[in-house]
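Turn this into a model:
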Amino acid sequence: MPHTEHLSKQYDIDLDTLRSRVLQMGGLVETQILQAIEAFATGEAGLADGVIRNEARVNALEVGLDDVCGHIIARRQPAAGDLRMILAISKTTTDLERVGDEAEKIARMAKQIRERGPVPPPRLADVKHMADTALAMLRRALDAFARLDVAAAAAVIRDDRLIDSEFRSVMRQLITYMMEDPRTISTALDILWIAKALERIGDHSKNMAEYVIYIVKGTDVRHTTIEQVEREALRSPGGER
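So this is what the prediction gives:
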């Protein structure tokens, strides 16, 4: 019996450590986005270069976390809630790695804009607002994961509509810039790619929020309406644990 109890405690420690490592990866990815946006806003090439270099760290964290998930599944053969947790963690790390890819893309576009030369880029406050929205979604998705808070997760999913709307607004403004001054076309297209990267960060944050609901409720809410998601989030707990 003591041996069994020891194994159970070690298993809980393994799962807690795994969750902590996911949050550490989330912190790195958040920093990547902040620095990429700062590079875009200021034209600071050093910041952009740092984001590009650190992408390798993000990739290594994903590989390491996937390896740990595989070993836990092989050794512990988890069931029910624990299995959902490990599967969701594996998917969450994939989304975080892709958020890192988007941050790198923003950094590369920022460098291209700076290197292009004398035509000043359109100053779009909406791009900064999009960045704030995307970062807020990521932070709240990670917080929902840390606390296993389904109501917070549902709120992140709802905000995906907001960032999609902001992207469409930026796109309309950029089309107007390009029509009014063809010299801005190359730079405006780079900014459009930055806006699209921010919209994709919102998508990945939404995915991570959906995994929180899957962990807690055991229900896959992907490809469902926000109204269905919110009903599921409010549903009384029951079923397998």
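
what kind of secondary structure is Thr219 in?
What DSSP: H, G, I helix; E, B strand; the rest coil gives for Thr219 is coil.

For the nearest residue to it once chain neighbours are set aside, pull up the helix or strand it's in.
Leaving out its chain neighbours, the residue that sits closest to Thr219 by Cβ to Cβ, 6 or more residues apart in numbering is Glu232, at 5.4 Å. C-beta: built from backbone N, CA, C; applies to glycine. Using DSSP states H and E, the element containing Glu232 is helix 226-234.

Need phi/psi at the closest residue to Leu34 other than its chain neighbours.
Nearest non-adjacent residue to Leu34, counting by Cβ to Cβ, 6+ apart: Leu135, 7.1 Å away. With angles defined as degrees, to the nearest 10, Leu135 sits at phi -60, psi -40.

my guess is Leu135 contacts Gln35, does it?
No: look at Leu135 against Gln35 with Cβ atoms under 8 Å: they stay out of range, at 11.7 Å.

okay, the two: which has more neighbours?
In terms of neighbours (other Cβ atoms under 10 Å), Gln35 is the more surrounded of Leu135 and Gln35; the figures are 22 against 18.

Show me what secondary structure element comes after the host helix or strand of that one.
Using DSSP H and E, Gln35 sits within helix 2-42. Sequence order places helix 45-76 as the next helix or strand after helix 2-42, per DSSP H and E.

Which elements pack onto that next one?
Applying 3 or more Cβ pairs under 8 Å, 6 or more residues apart in numbering; DSSP states H and E, we find helix 45-76 packed against helix 2-42, helix 80-116.

Let me know which of those helices is tucked in deepest.
helix 80-116 (a mean of 21; mean count of other Cβ atoms under 10 Å).

and that one with helix 2-42, angle?
On the basis of axes from the mean of the first three to the mean of the last three Cα atoms, to 10 degrees, helix 80-116 is oriented at 20 degrees to helix 2-42.

Show me what helix 80-116 is packed up against.
helix 2-42, helix 45-76, helix 185-217.

For it, what is the distance to the chain centroid?
Its chain's average C-alpha position is 6 Å from that of helix 80-116, according to Cα atoms, centre = their mean, to the nearest Å.

How about stretch 172-190?
Relative to its chain's centre, stretch 172-190 lies at 28 Å (Cα atoms, centre = their mean).

Low-confidence stretches in this structure?
In the predicted model, the chain carries pLDDT under 70 at residues 1-7, 117-123, 236-241.

related to what we said a few turns ago, could you export the helices and strands packed on helix 80-116 as JSON lines, including distance to Ile157?
JSON lines is the format used below for those (distance: least, Cβ to Cβ, whole Å):
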{"stretch": "helix 2-42", "distance to Ile157": "17"}
{"stretch": "helix 45-76", "distance to Ile157": "23"}
{"stretch": "helix 185-217", "distance to Ile157": "5"}
